[in-house]
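S.K.: Dropping the sequence and predicted coords here.
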Amino acid sequence: MNDLASFASLLTPEGRALLDAVRDFDPADELAVATRLRREHPAELVSAALGQARLRQRAVAKFGAADAGRMFFTPNGVEQSTRASVAAYRAGRMKELGIGSVADLCCGIGGDAIALARAGIRVLAVDRDPLTAAAARVNMAALGLGDLVEVREADVTEVDTTGYDAVFVDPARRGGRGRIFDPEAYSPPLSWAVEAARKAPHAALKIAPGIPHEAIPDPAEAEWISDGGDVKEAVLWFGTGPGAVRATLLPGPRSLLSRGLPDPEVRPVGRYLYEPDGAVIRAHLVAEVAEQLDGGLIDATIAYVTADELRPTPYASAYEITDHLPFNVKKLKALLRERQVGTLTVKKRGSAVEPEELRRKVKPQGPGSATVFLTRVAGAPTMLVGQPA
């Protein structure tokens, strides 16, 4: 049975009943569950149902239990789809721009199309992979969005997007060897996506967060998005603010815009150390945060901000520094033993030492807790010890 036939078998009454039966199965018990079910159902159908159940369990983190339990996934679809919170934010921003229709190119299993439709936006969702397009089509029906979303199996480079208010492109950024870092190696290439964007009144192109700033086309606004402190993606917007750069933090959303500030000055370590959110760092907006905090850098090449006052900000986590030591494992071990630190959080930036390696060497024990930063201060390998402020 090929992949499409296997997928189709899950849509039959028997397949759907089997999916309901294995909804909450424990993957550790898969062999026993499969053996039991194969007494009453075809072996291939049982394998397909168990595989889909595993994918649904993985998808809960991105889509929530209610949606994931009704949707259908492919392995790549789970891996590459947009987290629901990020897709909802982007759809909301499109709605605010007055966008009523979107051509969603490289739609995958439909994560962004779902969010757009729930925002009341009409969607043409296109993917060239037959199985992926089939999953997207079923997902729209399962979530009651079929009236707003047309799913089309096609090569996105051959789709006419004339008449749509916006184009959204989410090119494949994974190949047989893992993540693809060269934007021209995306499928389709970033240059093609930019040309498609220029033809529409508005556009949003999803790209890898690590894209070099010099690769961002001039007419685009670049936005880096984090969710719960984890950087999820970057987006190039067309038809908004040419040349603008922003970091957006979810939940919220909270957005920090670039004002083109020069790099902050390096200053001695003060009472507080601030760790900027990853989206702020990727967007090169550490200077904007440092200005808010009346702070400076601990090193010209390290994105840690130091200040003498505690000023809460959503764009950085604050730590009160109690100890400032040259890098020396024995001294750190003695300090932690004296403080009876058993719960040790190790953070690093600008250090080759791995956190787990350091934790093994210092063997923390006791009821206390501390955070140690392995970093550089004015070029010198340093350990900063403190607590969340």
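M.R.: Right, received. Where do you want to start?

S.K.: What's the separation between Pro183 and Thr82?
M.R.: Distance, Pro183 to Thr82, by Cβ to Cβ, to the nearest Å: 18 Å. Every C-beta, even on glycine, is put in place using the N, C-alpha and C of the backbone.

S.K.: just Thr157 next, same as before
M.R.: 21 Å.

S.K.: Please identify which of these two sits among more neighbours.
M.R.: For Thr157 and Thr82, the more surrounded residue by other Cβ atoms under 10 Å is Thr82, and the numbers stand at 23 against 12.

S.K.: Now do the contacts for the more buried one.
M.R.: Neighbouring residues of Thr82 by Cβ atoms under 8 Å, 6 or more residues apart in numbering: Lys62, Arg90, Gly111, Asp112, Ala115, Asp170, Lys206, Lys232, Glu233.

S.K.: repeat for Phe327
M.R.: Taking Cβ under 8 Å, 6+ apart as the test, what Phe327 contacts is Ser351, Val353, Leu374, Pro381, Thr382, Met383.

S.K.: What remains of the residues you listed if I keep only buried residues?
M.R.: For the contacts of Phe327, a burial check counting by 16 or more other Cβ atoms under 10 Å picks out Ser351, Leu374, Thr382, Met383.

S.K.: For those residues, give me CSV that also has distance to Ala200.
M.R.: Output for the buried ones among the contacts of Phe327, formatted as CSV (distance: Cβ to Cβ, whole Å):
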residue, distance to Ala200
Ser351, 45
Leu374, 46
Thr382, 50
Met383, 51
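
S.K.: Among those residues, which ones are in helices?
M.R.: When DSSP state H is applied, the buried ones among the contacts of Phe327 are split such that none fall in helices.

S.K.: In strands, which of those residues appear?
M.R.: Leu374, Thr382, Met383 (DSSP state E).

S.K.: Tell me who's in contact with the second one.
M.R.: For Thr382, the set of contacting residues under the criterion of Cβ under 8 Å, 6+ apart consists of Ile298, His324, Leu325, Pro326, Phe327, Phe373, Leu374, Thr375, Arg376.

S.K.: likewise the last one?
M.R.: The contact partners of Met383, by Cβ under 8 Å, 6+ apart, come to Asp323, His324, Leu325, Pro326, Phe327, Asn328, Leu332, Val372, Phe373, Leu374.

S.K.: what's the closest non-adjacent residue to Leu293?
M.R.: Nearest in space to Leu293, with sequence neighbours left out and distances taken as Cβ to Cβ, 6 or more residues apart in numbering, is Ala307 at 4.7 Å.

S.K.: That neighbour and Asp3: what is the separation?
M.R.: According to Cβ to Cβ, Ala307 stands 55 Å off from Asp3.

S.K.: What of Pro188?
M.R.: Following Cβ to Cβ, the distance that separates Pro188 from Asp3 is 23 Å.

S.K.: For the stretch 101-250 of the chain, just list every one of the helices.
M.R.: 111-118, 130-142, 190-198 (DSSP state H, counting those that start in this stretch).

S.K.: Now do the first one: everything it contacts.
M.R.: Helix 111-118 is contacted by residues 62-63, 67, 81-84, 87-88, 90-91, 94, 102, 104, 107, 123, 125, 136, 139-140, 143, 145, 148-149, 151, 168, 170 when judged by Cβ under 8 Å, 6+ apart.

S.K.: taking those residues one by one, which sit in strands?
M.R.: Those of these lying in strands (DSSP E): Val102, Asp104, Val123, Ala125, Val149, Val151, Phe168.

S.K.: thinking again about what came up before, adding distance to Leu131 and pLDDT as columns, could you present the buried ones among the contacts of Phe327 in CSV?
M.R.: CSV is the format used below for these (distance: Cβ to Cβ, whole Å; pLDDT from 0 to 100):
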residue, distance to Leu131, pLDDT
Ser351, 44, 93
Leu374, 45, 96
Thr382, 52, 96
Met383, 51, 96
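
S.K.: Kindly confirm whether my reading is correct that Leu285 touches Leu256.
M.R.: Yes: if you go by Cβ atoms under 8 Å, Leu285 and Leu256 touch, sitting 5.5 Å apart.

S.K.: For stretch 323-342, list every residue counted as buried.
M.R.: In stretch 323-342, counting by 16+ other Cβ under 10 Å, buried: His324, Phe327, Leu332, Leu335, Leu336, Arg339, Val341.

S.K.: typed the wrong thing, it's stretch 39-58
M.R.: 41, 45-57.

S.K.: neighbour-wise, which of Pro188 and Asp3 wins?
M.R.: The residue with more neighbours, out of Pro188 and Asp3, is Pro188; 19 against 13, by other Cβ under 10 Å.

S.K.: For the more buried one, which residues are in contact?
M.R.: Pro188 is in contact with Cys106, Val156, Thr157, Val169, Pro171, counting by Cβ under 8 Å, 6+ apart.

S.K.: how much space between the first one and Ala113?
M.R.: In this structure, Cys106 and Ala113 are separated by 11 Å, where distance is defined by Cβ to Cβ.

S.K.: any low-confidence regions in the protein?
M.R.: In the predicted model of the chain, residues 1-2, 174-181 satisfy pLDDT under 70.

S.K.: which residue is nearest the middle of it?
M.R.: Lys232 (1.9 Å; Cα atoms, centre = their mean).

S.K.: re the thing from before, now the contacts of Phe327 as TSV including distance to Thr132?
M.R.: Converted to TSV, the contacts of Phe327 look like this (distance: Cβ to Cβ, whole Å):
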residue	distance to Thr132
Ser351	42
Val353	42
Leu374	42
Pro381	48
Thr382	49
Met383	48
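
S.K.: Pull the most distant pair out of those residues.
M.R.: Distance extremes for the contacts of Phe327: the farthest pair is Val353 and Thr382 at 11.6 Å, using Cβ to Cβ.

S.K.: Find residues that contact each of these two.
M.R.: With Cβ under 8 Å, 6+ apart as the test, Val353 and Thr382 both reach Phe327, Leu374.

S.K.: for Asp277, phi and psi?
M.R.: phi -60, psi 150 (degrees, to the nearest 10).
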